[in-house]
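A.B. asks: turn this into a structure:
(2 chains)
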Number of protein chains: 2
Amino acid sequence: MLLQRAPGVYVLVKRMCELLGMSANVPTDICFSFSGFLHRGGGTGPHRDGWGIAFYEEGGYRDFRDPHPSVDSPIARLICDYPIKSNVVISHIRQANVGGVKLANTHPFTREMWGRPWCYAHNGQLSGWERLALGNYTPVGSTDSEYAYCWLMGEIRREFPCPPADPTTLWERLHQLCEQLRALGVFNMLLSDGGYLYTFCATKLAHITRCAPFGEAELSDAEMTVNFAEHTTPDDIVSVIATEPLTHNEAWQRMVPGELLVWRDGEIQARYCP
Amino acid sequence: MLLQRAPGVYVLVKRMCELLGMSANVPTDICFSFSGFLHRGGGTGPHRDGWGIAFYEEGGYRDFRDPHPSVDSPIARLICDYPIKSNVVISHIRQANVGGVKLANTHPFTREMWGRPWCYAHNGQLSGWERLALGNYTPVGSTDSEYAYCWLMGEIRREFPCPPADPTTLWERLHQLCEQLRALGVFNMLLSDGGYLYTFCATKLAHITRCAPFGEAELSDAEMTVNFAEHTTPDDIVSVIATEPLTHNEAWQRMVPGELLVWRDGEIQARYCP
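C.D. replies: Got it, this is the predicted structure:
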């Protein structure tokens, strides 16, 4: 897919990916980066069934979703030109399996819980998901992804009517719920409440954290090199999480199946393993 | 503000308005119409504190919101160029009173209930709203508008855990709840679940329904005439609801304070008066 990002740095990547997340300690825009979507999202690749990107800004939330290939999407082009600065971003390109190609089935999905706008995107396919008992949240569309999201959120809300004083109790429970979903198939997931970014790996997720001293990065799938040192301040911390590593000369960490990472301000706050 | 719309017809209007709704029996786009936002929303007028527009498409929902004046907004410009066809549209330009100018306070607001994406926009100002007891929904931002919305949705959901078999029981209760909010101040409101559009008038709302035989319309605030007969089919029914009438040679109906109208496919399904 698309981007490498440090503050003020944008590059294109020729690899397609399904999930992309960002956690940063400074509001960061992804305008140029998003340009990748225009060329990768459905031109010739399999991920032509819609795309979406969600931004958290000063406690608010907005997403841009389109059930059409990003290569044809004026909305996707807009994202390239409009500097939306955010500490947390979740993006998804869809290859439909369960559920028709339409707006209601286009990630990311969002629900309000505890007065926070929660956002979620999923890569993979589940089986037996229809037997999960829903709680407070009901799907609008017909995907396994949104159903699993509603179940997950319903379970959390049932057990935590209010945010727990100790957030680790929530994180531990979230990890257990993700493991339950992983037992139903492939469940790679990005989830956020705007503060924390949760990334769960069933099969494929990799991450990189860039901070001082910044160096050069060479993209795996494009003839492009970026010197992050030229575009950052010493305090910047920007982490990118994607289905596949996007550069070949940096130490991307591959998550292991069953692993949940909890990110905040670009850094890992907690790690839960199976 | 902005637009008059029949299928295929777009015109600009120089009057500012705060609320705009559309209900139609054919998917209708408002691209050109929305151009009005670019010039009316905050260039020189008082409504410079953000804008938003929500579309329902094939059971799905998306909105575009921006806390910046529409005149400066690339997203608003996008809406002019991107043909989003919808049977129900809700739009709002904000003049902030309660709550800062930021994304979380920008209308329209949305919550999921019964597996449907509900959307809401409010014009007016309330007092004593903080004393309303919230139920299932919690505000993300700090406006009286969103708080009242969460209370309203919570009350409905508490009384109707599932959609009632007879929708008029819901409509009657909705009217009572709107009247309760009107008792707190000015509560002009647009609300939709994607099928029905609900319009409640506290002080100012007017509506026009266009259907065959279509005629000409002359805008009140711009030198522009549209012959709807040239752009419609005999079966088209498109209703527009706005804070103020937008044309001067058509029979706009002004709603009366305390009146709730229930729209579907461009037509009034039910009317509740105080």
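A.B. asks: only C-alpha atoms from now on, for both contacts and neighbour counts.
C.D. replies: Fine.
A.B. asks: so what secondary structure elements neighbour the helix or strand A:Gln180 falls within?
C.D. replies: Using DSSP states H and E, A:Gln180 sits within helix A:167-182. In this structure, helix A:167-182 packs against helix A:144-159, strand A:259-264, with contacts taken as 3 or more Cα pairs under 8 Å, 6 or more residues apart in numbering or on different chains; DSSP states H and E.
A.B. asks: list the buried residues of it.
C.D. replies: Using 16 or more other Cα atoms under 10 Å in any protein chain shown as the test for burial, helix A:167-182 gives A:Leu170, A:Trp171, A:Leu174, A:His175, A:Gln176, A:Leu177, A:Cys178, A:Glu179, A:Leu181, A:Arg182.
A.B. asks: leaving out sequence neighbours, find the closest residue to the second one.
C.D. replies: The reference is to A:Trp171. Leaving aside its sequence neighbours, A:Trp171 sits nearest to A:Val262 (Cα to Cα, 6 or more residues apart in numbering or on different chains; 7.7 Å).
A.B. asks: do I have it right that that neighbour meets A:Gln269?
C.D. replies: Yes - look at A:Val262 against A:Gln269 with Cα atoms under 8 Å: they come within range, at 5.4 Å.
A.B. asks: strands paired with the host helix or strand of A:Ile268, and their directions?
C.D. replies: A:Ile268 is part of strand A:267-272 when elements are defined by DSSP H and E. Neighbouring strands of strand A:267-272 in its sheet, by DSSP bridges, are strand A:259-264 (antiparallel).
A.B. asks: now the strand it pairs with: mean pLDDT?
C.D. replies: For strand A:259-264, the mean pLDDT works out to 98.
A.B. asks: over to stretch A:67-84?
C.D. replies: 79.
A.B. asks: burial count for whichever residue of the stretch 151-274 of chain A sits closest to chain B?
C.D. replies: Here the stretch 151-274 of chain A gets closest to chain B at one residue, A:Pro161, 10.2 Å apart by Cα to the nearest Cα. A:Pro161: 10 surrounding residues under other Cα atoms under 10 Å in any protein chain shown.
A.B. asks: before we move on, the earlier item: could I have the helix holding A:Gln180 exported to CSV, CA atoms only?
C.D. replies: Only the C-alpha atoms of helix A:167-182 are listed here, as CSV (Å, rounded to 0.1, in the frame of the first residue of the first chain):
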residue,chain,number,x,y,z
PRO,A,167,-7.0,0.5,32.2
THR,A,168,-5.0,-2.7,32.2
THR,A,169,-8.1,-4.6,33.3
LEU,A,170,-9.7,-3.4,30.1
TRP,A,171,-6.6,-4.3,28.0
GLU,A,172,-6.4,-7.8,29.5
ARG,A,173,-10.1,-8.4,28.7
LEU,A,174,-9.7,-7.0,25.3
HIS,A,175,-6.9,-9.4,24.6
GLN,A,176,-9.1,-12.3,25.7
LEU,A,177,-11.9,-11.2,23.5
CYS,A,178,-9.6,-10.8,20.5
GLU,A,179,-8.3,-14.4,21.2
GLN,A,180,-11.9,-15.6,21.1
LEU,A,181,-12.3,-14.0,17.7
ARG,A,182,-9.0,-15.4,16.5
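A.B. asks: other residues contacting that helix?
C.D. replies: Residues outside helix A:167-182 that contact it (Cα atoms under 8 Å, 6 or more residues apart in numbering or on different chains) are A:126, A:148, A:152, A:156, A:160, A:164, A:187, A:200, A:202, A:258-260, A:262, A:272, A:274.
A.B. asks: which SSE is immediately downstream of it?
C.D. replies: strand A:188-192.
A.B. asks: gap between that following strand and the chain center?
C.D. replies: 6 Å (Cα atoms, centre = their mean, to the nearest Å).
A.B. asks: cool, and stretch A:185-199?
C.D. replies: Distance, centroid of stretch A:185-199 to centroid of chain: 7 Å (Cα atoms, centre = their mean).
A.B. asks: got a list of contacts for that stretch?
C.D. replies: Contact with stretch A:185-199 is made by A:19, A:21, A:23, A:56, A:59, A:61, A:87-88, A:90, A:116-127, A:178, A:181, A:200-205, A:241, A:260-265, as judged by Cα under 8 Å, 6+ apart.
A.B. asks: could you tell me the end-to-end distance of stretch A:133-145?
C.D. replies: Stretch A:133-145 has an end-to-end distance of 15 Å (criterion: Cα to Cα, to the nearest Å).
A.B. asks: so for that stretch, mean pLDDT?
C.D. replies: Stretch A:133-145 comes out at a mean pLDDT of 97.
A.B. asks: more neighbours, A:Val262 and A:Gln269?
C.D. replies: A:Val262 (20 against 13).
A.B. asks: just list whatever residues bridge to the more buried one.
C.D. replies: Counting by DSSP bridges, A:Val262 forms beta bridges with A:Tyr198, A:Ala270.
A.B. asks: cool, A:Arg111 as well?
C.D. replies: Note on A:Arg111: beta-bridge partners by DSSP bridges are A:Trp118.
A.B. asks: check contacts around it.
C.D. replies: A:Arg111 touches A:Pro117, A:Trp118, A:Cys119, A:Tyr137, B:Arg111, B:Glu112, counting by Cα under 8 Å, 6+ apart.
A.B. asks: mind putting the residues you listed into TSV with distance to B:Thr28?
C.D. replies: Below are those laid out as TSV (distance: Cα to Cα, whole Å):
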residue	distance to B:Thr28
A:Pro117	30
A:Trp118	31
A:Cys119	29
A:Tyr137	30
B:Arg111	24
B:Glu112	24
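A.B. asks: what about A:Ala212, how many residues close to it?
C.D. replies: Neighbours around A:Ala212, by other Cα under 10 Å: 13.
A.B. asks: relative to A:Trp263, how far out is it?
C.D. replies: From A:Ala212 to A:Trp263 the distance is 18 Å (Cα to Cα).
A.B. asks: still on that earlier bit, so how do I select the buried members of the contacts of stretch A:185-199 in ChimeraX?
C.D. replies: Restricted to buried positions by 16+ other Cα under 10 Å, the ChimeraX selection for the contacts of stretch A:185-199 reads:
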select /A:19,21,23,56,59,61,87,88,90,116,117,118,119,120,121,122,123,124,125,126,178,181,200,201,202,203,204,205,241,260,261,262,263,264,265
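A.B. asks: ok so, going back, dump the residue contacts of the residue nearest to A:Trp171.
C.D. replies: A:Val262 touches A:Trp171, A:Tyr196, A:Leu197, A:Tyr198, A:Thr199, A:Ile268, A:Gln269, A:Ala270, A:Arg271, counting by Cα under 8 Å, 6+ apart.
A.B. asks: next one: A:Phe160
C.D. replies: Counting by Cα under 8 Å, 6+ apart, A:Phe160 has contacts A:Leu170.
A.B. asks: now it: how far from A:Trp171?
C.D. replies: From A:Phe160 to A:Trp171 the distance is 12 Å (Cα to Cα).
A.B. asks: that older thread, A:Gln95: which of the contacts of A:Arg111 is nearest?
C.D. replies: A:Cys119 (19.1 Å; Cα to Cα).
A.B. asks: so that closest one sits against A:Met113, correct?
C.D. replies: No - in this structure A:Cys119 lies outside contact range of A:Met113 using Cα under 8 Å: 10.3 Å.
A.B. asks: so which bits of stretch A:59-68 are buried?
C.D. replies: A:Gly59, A:Gly60, A:Tyr61, A:Arg62, A:Asp63, A:Phe64, A:Arg65, A:Asp66, A:Pro67, A:His68.
A.B. asks: and A:Glu58, how many neighbours?
C.D. replies: Counted with other Cα under 10 Å, residues neighbouring A:Glu58 total 14.
A.B. asks: contact residues of the stretch 51-200 of chain A facing chain B?
C.D. replies: Within the stretch 51-200 of chain A, the positions near chain B by Cα under 8 Å from any Cα of the partner chain are A:57-62, A:64-65, A:74-75, A:78, A:81-82, A:102-105, A:111-117, A:137-141.
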